[in-house]
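Q: have a look at this prediction, sequence included:
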Amino acid sequence: MSLFTALSVSASGLAAQRTRAELLAENLANAETTRTPAGGPYRRKDAIFAAEPVASAFAETFQAELNGTLTGVRVIEIVEDPREPEKRYLPGHPDADAQGYVAFPRINPAEDMVDLLGAVRGYQANLAAISAIKDMIHRSIELLR
């Protein structure tokens, strides 16, 4: 595998984890949002990842040598939580229905914080891989001088 192909794999991981972290931060920020422009409470969003072949000028050669394809990752879809909103009895709330219940998003802040930590760790791992590859490229250039 070339160093530039390895960079492509890690770059795809960075982009996917960044999208996931952004969605988790949005979920946490809207955990108590009862009214959106679309109507109703905010709906929790999540990113769906899929493997994606890495494009490289030498991809065919590497695939033949490795007996497989080099894959990165990408976000193929952003899905909204289809579950019914959580109902809380708050009769004085401006968004309360006739019975005094307010629809809140089904967001568990503790779960989303743990998922956010996982996304950050994944991002850091890809960043460390890119840094190591960059050092290898730099050392290769130094050797060729």
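A: Happy to help now that I have it.

Q: test my guess that Ile76 contacts Ile48.
A: Yes - Ile76 lies in contact with Ile48 (C-beta atoms under 8 Å); the separation is 5.5 Å. Any C-beta I mention is one placed from the backbone N, CA and C, and that applies to glycine too.

Q: the bottom helix or strand of this protein by mean pLDDT?
A: The helix or strand of the chain with the lowest confidence, counting by mean pLDDT, DSSP states H and E, is helix 59-66 at a mean of 57.

Q: ok, and what's touching stretch 18-30?
A: The contact list for stretch 18-30, computed with C-beta atoms under 8 Å, 6 or more residues apart in numbering, reads 42, 44-47, 49, 75, 78, 105, 107, 109, 112-113, 115-116, 119-120, 122-123.

Q: pull out the buried positions in that stretch.
A: Arg18, Thr19, Arg20, Ala21, Leu23, Leu24, Asn27, Asn30 (16 or more other C-beta atoms under 10 Å).

Q: among these, name the ones in helices.
A: Arg18, Thr19, Arg20, Ala21, Leu23, Leu24, Asn27 (DSSP state H).

Q: which of those residues lies closest to Ile130?
A: Arg18 (13.2 Å; C-beta to C-beta).

Q: quick one: that closest one from Gln124, how far?
A: 12 Å (C-beta to C-beta, to the nearest Å).
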